[in-house]
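# Turn this into a model:
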Amino acid sequence: MSDLISVHDAHLRNLRHVDVELPRNALVAVTGVSGSGKSSLAFGTIHGEAQRRYLESVAPFARRLIAGAVDPKVARIEGLPPTVALEQNRAGGGARSTVGTFSTVSNSVRLLYSRCGYYPAELRDRVGRLDSDHFSPNTAAGMCPTCQGTGTVHAPTEQSMVPDPSLSIDEGAIAAWPGAWLGKNFHDILVTLGYRTDLPWHELPQTERDWILFTDDKPVVTVHPVRGADQIQRTYDGTWRSVSVYLRETLAATGSESTRRRVLSFMDHAVCPDCGGRRLTPDALQVTYRGYPVDELNALSLETLRELLEQGSDTTEDAADAAAEAERLLLDQVLPTLTAAVDLGLGHLSLDRPATTLSAGEMQRLRLASQLHSGLFGVVYVLDEPSAGLHPTERTAVRELMDRFLDAGNSVILVEHDMALVADADHVIDVGPGAGELGGEVLWSGPVAGLAAQDTPTGRALAASFPTLKGAPRPATDSVPVRATARTLDVDATLGLGQFTAVTGISGSGKSTLVSQVLPGILEDTGLRALLITQQPIGRTPRSTLATYTGLFDRVRKLFADTDEA
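Below you'll find the predicted structure:
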């Protein structure tokens with residue numbers, strides 16, 4: 001088998017029919033300015049071709065269930081092993097996905113409680129041992145039946161469903177109704193049943209308002225809809241559902257996160273009275289491990305959790321050998337992942353932290369940590385700037401983790417801007433020289449030392465020993481006092497206006513909390529406006545493009561609509 005991956009005639013996006021070779025079982029950095037074609041080569045071409053080959057091996061009926069790979073637009077790639085791509089994105093599962101579920105650490109933690117937890121005598125006599133599913137709020141066995149494992153109960157009220165009672169139903173008083181045909185259907189059924197939809201809501205009798213909002217009755221009536229003159233007048237049988245029933249049924253059935261958010265906006269929310277917000281059944285919450293019930297252990301920071309689990313076995317001397325062996329095996333799975341996560345600057349997270357709250361960089365580093373026990377051999381890991389969001393002192397952990405992948409018999413391709421990581425690579429491919437139409441060429445492929453001697457943007461950056469520090473800063477036009485305590489923050493500082501201010505610190509120190517959550521409120525209180533630009537992906541739908549997101553295409557369509565031909 002060849003020790004090289006040979007790419008021939010790669011022409012995806014702006015790549016200019018590139019031929020390039022890179023070594024296997026090595027750390028290969030792909031560099032260049034933003035838009036030069038780095039990702040097109042590493043992800044679109046190399047990983048894309050590996051995806052294409054995998055999909056060809058899958059049965060056609062199963063292939064339809066897998067997201068299709070991008071056409072890599074390459075003549076051929078020789079010596080290509082299977083690839084694992086760890087990109088910077090926020091795809092973190094559903095609304096219940098957490099750091100624990102995403103990293104799979106929660107699976108081992110639940111098994112620890114099931115096999116090695118301390119059971120009160122009454123519980124042990126009554127149920128014996130609980131299965132691991134009993135320690136998950138996402139399973140039927142473990143979730144609190146009252147709140148379905150969310151820790152919160154949602155109740156529609158008249159005020160939440162009808163926020164402005166001065167409006168009539170015709171004027172949209174029932175804000176919780178869906179739009180389009182279904183909302184019109186509910187309106188027409190009420191008219192057919194003889195309810196006044198033209199009166200202000202508060203003038204309707206309370207009995208009628210309660211029936212509209214809360215009845216469990218579902219009468220079927222023949223509806224004669226009132227439509228416009230140019231619309232079809234078609235009689236149909238409509239089934240009534242009260243507004244609260246519609247909201248509850250939609251919440252239970254929807255797979256759309258946007259629909260779920262809309263439905264919940266028309267409900268009042270309170271801590272579950274049965275589990276107290278702990279999400280689990282009473283039986284599961286009685287079991288402890290290292291003195292903690294499972295919900296409290298999941299709330300510990302990863303750094304604290306690692307220290308707790310490193311304190312030795314929790315099983316007693318007279319414990320069954322099987323339980324002691326199970327604990328040893330499970331801890332051997334959990335501790336390396338926790339250690340890698342802490343070393344990668346994720347020690348401030350907890351297992352119960354929702355995955356949707358993680359940054360793209362945190363998500364990628366969590367994937368890196370969770371790959372330690374994947375057992376993969378002979379694959380190519382393709383990484384997208386794993387240094388993003390890391391303090392310089394934490395980047396050594398990224399390099400050490402990549403060494404572990406290499407020592408396990410794998411290869412690593414790294415798309416990276418951080419010259420400290422690039423300088424540590426075995427091989428570097430520099431793409432450029434510019435972005436878009438000005439890029440797409442391989443300027444260098446070889447040892448890192450050779451790139452430092454090249455007159456390219458990356459070569460010059462690699463040769464520079466240290467960034468030039470700014471001299472005297474520009475004077476502030478004004479200042480704003482910043483005093484805040486939130487999460488890990490305890491800040492008493494002054495923010496200069498009209499200046500470029502950098503907020504620095506290690507991962508989890510509170511930088512993002514200060515900038516994205518605290519500062520906007522402080523600035524608004526002083527009459528200033530804060531425009532928050534984050535790393536959230538701009539595409540809201542698969543059809544979203546730069547033109548639609550920026551609003552530019554609205555003007556383009558208007559120009560076409562104003563032509564005589566239109």
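# Now residue 211: closest residue in space that isn't a chain neighbour?
Using CB to CB, 6 or more residues apart in numbering and skipping the chain neighbours, the partner closest in space to residue 211 is residue 242 (7.2 Å). Where C-beta positions appear, they are placed from N, C-alpha and C, glycine not excepted.
# Could you pull up the contacting residues of that neighbour?
By CB atoms under 8 Å, 6 or more residues apart in numbering, the residues touching residue 242 are 211-217.
# now the strands for the stretch 301-450 of the chain?
Counting by DSSP state E, counting those that start in this stretch, the stretch 301-450 of the chain has strands at residues 380-384, 411-415, 427-432, 441-446.
# what about residue 51, distance to residue 414?
Using CB to CB, to the nearest Å, residue 51 is found at 19 Å from residue 414.
# Neighbour count: those two, which is higher?
Just comparing residue 51 and residue 414: by other CB atoms under 10 Å the higher neighbour count belongs to residue 414, 27 against 20.
# buried ones in stretch 21-36?
Residues of stretch 21-36 classed as buried by neighbour count (16 or more other CB atoms under 10 Å): 21-22, 24, 27-33, 35-36.
# typo on my end, stretch 251-268
Applying 16+ other CB under 10 Å to stretch 251-268 flags 251, 262-263, 266-267 as buried.
# From the chain's centroid, how far away is that stretch?
19 Å (CA atoms, centre = their mean, to the nearest Å).
# can you check stretch 492-499 too?
The answer for stretch 492-499 is 32 Å, by CA atoms, centre = their mean.
# Can I get it as PDB, trimmed to CA atoms?
Provided in PDB are the C-alpha atoms of stretch 492-499 (Å, rounded to 0.1, in the frame of the first residue of the first chain):
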ATOM      1  CA  ASP A 492     -15.400  46.000  37.800                       C
ATOM      2  CA  ALA A 493     -13.800  47.700  34.800                       C
ATOM      3  CA  THR A 494     -14.200  50.600  32.400                       C
ATOM      4  CA  LEU A 495     -14.900  50.200  28.700                       C
ATOM      5  CA  GLY A 496     -13.500  52.900  26.400                       C
ATOM      6  CA  LEU A 497     -15.800  53.900  23.500                       C
ATOM      7  CA  GLY A 498     -14.400  54.700  20.100                       C
ATOM      8  CA  GLN A 499     -11.700  52.100  20.600                       C
END
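# Kindly provide the whole-number mean pLDDT of it.
Summarised as a single mean, pLDDT over stretch 492-499 is 92.
# in it, what counts as buried?
Applying 16+ other CB under 10 Å to stretch 492-499 flags residue 495 as buried.
# Which strands or helices does the helix or strand residue 123 falls within pack on?
If you go by DSSP states H and E, residue 123 is part of helix 121-127. Judged by 3 or more CB pairs under 8 Å, 6 or more residues apart in numbering; DSSP states H and E, the packing partners of helix 121-127 are helix 282-286.
# How about residues contacting the helix it packs on?
Residues contacting helix 282-286 (CB under 8 Å, 6+ apart): 113, 119-120, 123, 127, 130, 134-135, 142, 275, 278, 293-295.
# May I have the following helix or strand past the helix holding residue 123 as PDB, with CA atoms only?
In the C-terminal direction, the helix or strand that comes right after helix 121-127 (DSSP H and E) is strand 152-155. Taking C-alpha atoms only, strand 152-155 is exported to PDB below (Å, rounded to 0.1, in the frame of the first residue of the first chain):
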ATOM      1  CA  THR A 152     -40.500  22.000  33.500                       C
ATOM      2  CA  VAL A 153     -44.200  21.800  33.100                       C
ATOM      3  CA  HIS A 154     -45.900  23.800  30.300                       C
ATOM      4  CA  ALA A 155     -49.500  25.000  30.900                       C
END
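# Give me the average confidence score over strand 152-155.
Mean per-residue pLDDT for strand 152-155: 93.
# Now do the buried residues in that strand.
153-154.
# Return the list of strands paired to that strand, each annotated with direction.
strand 268-271 (antiparallel) (DSSP bridges).
# What about residue 239? Give its phi and psi, please.
Per-residue torsions, residue 239: phi -100, psi 130 (degrees, to the nearest 10).
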